[in-house]
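[1] Prediction below, plus the sequence it came from.
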Amino acid sequence: MDFTELESAQVVTESFAGTSDPRLKDILTHLTRHLHAFVRDVRPTLAEWEQAIGFLTETGQACTDTRQEFILLSDVLGISMLVETINGPDSAATSAGPTPSTVLGPFHMTASPCRELGDTIDLIGSTPECVIEGQVVDTTGRPISGASLDVWQANDKGFYDVQQPGAQPPGNGRGMFVADNVGRYWFRTVTPCCYPVPTDGPVGKLLLATSRHPFRPAHVHFIATAPGYESLTTHAFVADSEYIDSDAVFAVKQELVRDFAIVDDPAVAARFGVTAPFRLATFNLTLVET
Ligand code: BEZ
Ligand code: FE
């Protein structure tokens, strides 16, 4: 078969006929069909094609041990969120409604330090203080004793520790907690704020060229794990945060938005080891059995 505009995809997919891994063969066949259809639709000039290659090259070159520009590209194009949504818990599957998943993001690149329940993950002593507490349960509402909770968030200026080595102590804003024997957990932190995704690379240029803002609403990341349950990657979002309706990476799900209430009562503050006023949020997590 000749390589013509109409038959190009078929010529290329046939070249994969000898692929022994059926899943790889299927993925390459679909990739070829969609990419060829895209090129036929868009009809790029040679100069535009070179520009596209240049953009992807720059994206790869921007990646380092502490920066993942390809994940960021996938995030701002909504692909990370689509993959999460396809693979995450099916909220309609059970009446108890498992907690939805959302994007991992590019800043979970270092092991979170183990901490005791009630510890703070803010190693700097920033304000306003915040307490997050909740319970990890299964889809029948039974507590999951000893569930692990890996949490991470940006500091009060909107930067992760890995973005500011030297300025922030390693592990700032991160903690690995083990829920108690009735699945309860609680920890102290600084109240999360909204922040821009990194804009000094090729993805930033894409956002600028499309007049899109780079901000994410205030949030705390969680990965909840327990033997016998699907691991859950998610966020708790702050209800009154700016950008809650226009997250740059499309990761907000209404079930994950929480009231971070302002608490003025010094007696309540003393119970949690913080100073009033502080913010208090409850974030319960429902995991799905494997
Ligand atoms: C984050 O929340 O850490 C994040 C997610 C996607 C892109 C950039 C940052
Ligand atoms: Fe984040």
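    That came through fine. Everything numeric in this text was worked out from a predicted model, so none of it was measured. Ligands and ions are numbered 1, 2, ... in the order given.
[2] Quick check: residues of the stretch 101-250 of the chain near ligand 1?
    With the criterion set to C-beta under 6 Å from any ligand atom, the stretch 101-250 of the chain comes near ligand 1 through Val103, Gly105, Pro106, Phe107, Val197, Arg216, Val249. Yep, even glycine has a C-beta here, placed from its N, CA and C like the rest.
[3] Check the burial of Glu255 by counting its neighbours.
    Glu255 has 15 neighbours, counted by other C-beta atoms under 10 Å.
[4] Return the distance of it relative to Ala111.
    According to C-beta to C-beta, to the nearest Å, Glu255 and Ala111 sit 28 Å apart.
[5] backbone phi and psi for Gly175, please?
    As for Gly175, its main-chain torsions (degrees, to the nearest 10) stand at phi -160, psi 140.
[6] For it, name its beta-bridge partners.
    Beta-bridge partners for Gly175, by DSSP bridges, are Val151.
[7] Per-residue pLDDT of it, please?
    Per-residue pLDDT puts Gly175 at 97.
[8] wait, it sits on Asp122?
    No. Gly175 lies out of contact with Asp122 (C-beta atoms under 8 Å); the separation is 9.6 Å.
[9] and the residue of the stretch 51-200 of the chain found nearest ligand 1, how many residues sit next to it?
    Nearest to ligand 1 in the stretch 51-200 of the chain, going by C-beta to the nearest ligand atom, is Gly105, at a distance of 2.9 Å. For Gly105, the tally of surrounding residues (other C-beta under 10 Å) stands at 22.
[10] Specify the beta-bridge partners of the closest residue to it other than its chain neighbours.
    Spatial nearest neighbour of Gly105, excluding adjacent residues (C-beta to C-beta, 6 or more residues apart in numbering): His221 at 6.5 Å. On the basis of DSSP bridges, His221 is bridged to Trp152, His235.
[11] isn't there a strand covering Lys205?
    No. Using DSSP: H, G, I helix; E, B strand; the rest coil, the assignment for Lys205 is helix, not a strand.
[12] count of neighbours near it?
    Other residues lying near Lys205 total 13 when counted by other C-beta under 10 Å.
[13] Over to Arg115?
    For Arg115, using other C-beta under 10 Å, the count is 19.
[14] next one: Gln61
    11.
[15] Now for it: which residues touch it?
    Neighbour list for Gln61: empty [criterion: C-beta atoms under 8 Å, 6 or more residues apart in numbering].
[16] now do the one 5 residues further on
    Listed by C-beta under 8 Å, 6+ apart, the contact set of Thr66 reads Met109, Val162, Gln163, Pro165.
[17] Show the buried residues in those.
    Among those, those classed as buried by 16 or more other C-beta atoms under 10 Å are Val162, Gln163.
[18] Scan this structure for its longest strand.
    For the chain, the longest strand by residue count, based on DSSP state E, is strand 129-138.
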